[in-house]
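Chemist: Structural data only, the sequence is not supplied:
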């Protein structure tokens, strides 16, 4: 799994009350492997920039802050605060996990169909690539409110599953499935360009799916 | 406003009407499994219709300012001041994770005002028992084209168009009941 902690040297932060807490291994924003306009016309540069620099960055900022508060609460033996922080950790940590996968799942050179082991598994579990796409699109478009559609790997049955998660609930902690391909259907992921027509966004996104990345994730977990 | 009304609200309505029809059919056939399967779709789209129907009335080009009369008194009693109430409602509303609504609601048990947040299109009264007085829609479609990710600015500005006459009417109706 791609390490999201880029091993920064220890950072110090002073609090208003004069206390000092060590911030080790702060999570950082991964660079996109392409320019903001690279995924056009499927996803506009404006959406990509807002999505990366504002939405993902905010999840990161709050994640780092929350991990710090959690550590402090633990040190003080303040279990009530620790527990109160967990939904904030899940939401923002999930946001960071999900988007980090998403940027890699997409590519200006994407589209087409997978090959090799992943293609075989898709055929086995869904009958055909077309059937898989139809099913995943339907599940994803039908999500009520904000959430993500996923192609995931079921380690128990050693097969592929399609799943939907609400808000930023991360796939693996929530369902046990290993995330291979995610489709973000929060309105911020498409609204500026597609307005209310989520189905068109999901229909178009197949043109930029990076099957190389999805295959790598599959092969990594399938051989484990 | 146009997309919100003609596309989003209209879609909730279309699916609501279709779902109520399917529910009636399932009931006639004695198909309880289907009836139950339809309930989250009824809640989501029915909630969407209820919520947006209130929202359009809650806003006005002649809105803004402060409430007067009985509602103003109740706000002072339950929140200390109108400013405190706005601060609290804004904070609750902006903090909603994902899609949802911030509400000023009336608690019939305690006969007081409560602030609440509901996710998705969960309608206030069926979900919490509170009677809806004022709702703020913070689904991204409600503000993104204009405010982008800055939900806080949208919520800060919406006070300028709150129709306190409508909110007061809702309060007086339930407060005297």
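Modeler: Cool, got the structure. Remember, predicted model here, so these are calculated numbers, not experimental data.

Chemist: Can you show me the helices along chain A?
Modeler: Here chain A has its helices, by DSSP state H, at A:45-50, A:57-76, A:79-105, A:116-126, A:129-141, A:171-175, A:191-194, A:198-205, A:211-222.

Chemist: Could you check the angle the fifth one makes with helix A:198-205?
Modeler: In terms of direction (axes from the mean of the first three to the mean of the last three CA atoms, to 10 degrees), helix A:129-141 departs from helix A:198-205 by 140 degrees.

Chemist: before we move on, what about the second one?
Modeler: Relative orientation of helix A:57-76 versus helix A:198-205 (the same axes, to 10 degrees): 100 degrees.

Chemist: Return the list of helices and strands in contact with helix A:57-76.
Modeler: Other elements packing on helix A:57-76 under the criterion 3 or more CB pairs under 8 Å, 6 or more residues apart in numbering or on different chains; DSSP states H and E are strand A:20-23, helix A:79-105. Where you see a C-beta, it was placed from the backbone N, CA and C, and this is true even at glycine.

Chemist: Can you name the next helix or strand after the helix or strand harbouring residue B:45?
Modeler: Assigning secondary structure by DSSP states H and E places residue B:45 in helix B:32-58. Next along the chain after helix B:32-58, taking DSSP H and E as the criterion, comes helix B:69-79.

Chemist: For that following helix, buried residues please.
Modeler: B:71, B:74-75, B:78-79 (16 or more other CB atoms under 10 Å in any protein chain shown).

Chemist: tell me the contacts of the residue nearest the centre of chain A?
Modeler: Closest residue to the average C-alpha location of chain A: residue A:98 at 1.3 Å, with CA atoms, centre = their mean. For residue A:98, the contacting residues are A:148, A:168, A:170-171, A:179, A:182, A:184, by CB atoms under 8 Å, 6 or more residues apart in numbering or on different chains.

Chemist: filter the residues you listed by proximity to chain B?
Modeler: The subset of the contacts of residue A:98 within reach of chain B, by CB under 8 Å from any CB of the partner chain, is residue A:168.

Chemist: So which of the contacts of residue A:98 is the closest to chain B?
Modeler: residue A:168 (7.5 Å; CB to the nearest CB).

Chemist: List the buried residues of stretch A:150-162.
Modeler: Buried residues in stretch A:150-162 (16+ other CB under 10 Å): A:150-154, A:160-162.

Chemist: For that stretch, measure first residue to last.
Modeler: 6 Å (CA to CA, to the nearest Å).

Chemist: Residue A:200 reaches residue A:194, doesn't it?
Modeler: Yes. Residue A:200 is in contact with residue A:194 according to CB atoms under 8 Å; the separation is 5.3 Å.

Chemist: residues near residue B:32, how many?
Modeler: Residue B:32 has 10 neighbours, counted by other CB atoms under 10 Å in any protein chain shown.

Chemist: who's in contact with it?
Modeler: residue B:26.

Chemist: If we look just around chain B, which residues of chain A are in range?
Modeler: A:50, A:54-55, A:58, A:87, A:91, A:144-147, A:166-168, A:186-188, A:191-192, A:195-196.

Chemist: same thing but at 7 Å, please
Modeler: Residues of chain A lying close to chain B (CB under 7 Å from any CB of the partner chain) are A:50, A:54-55, A:91, A:144-146, A:166-167, A:186-188, A:191-192, A:195-196.

Chemist: farthest-separated two in these?
Modeler: A:91 and A:195 (25.8 Å; CB to CB).

Chemist: returning to what we had before: need the helices and strands packed on helix A:57-76 in CSV with distance to residue A:139 and mean pLDDT, can you?
Modeler: Supplementary listing: the helices and strands packed on helix A:57-76 in CSV, determined by distance: least, CB to CB, whole Å; pLDDT from 0 to 100:
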stretch, distance to residue A:139, mean pLDDT
strand A:20-23, 39, 50
helix A:79-105, 16, 96
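
Chemist: any idea which of the ones you listed is most buried?
Modeler: helix A:79-105 (a mean of 18; mean count of other CB atoms under 10 Å in any protein chain shown).
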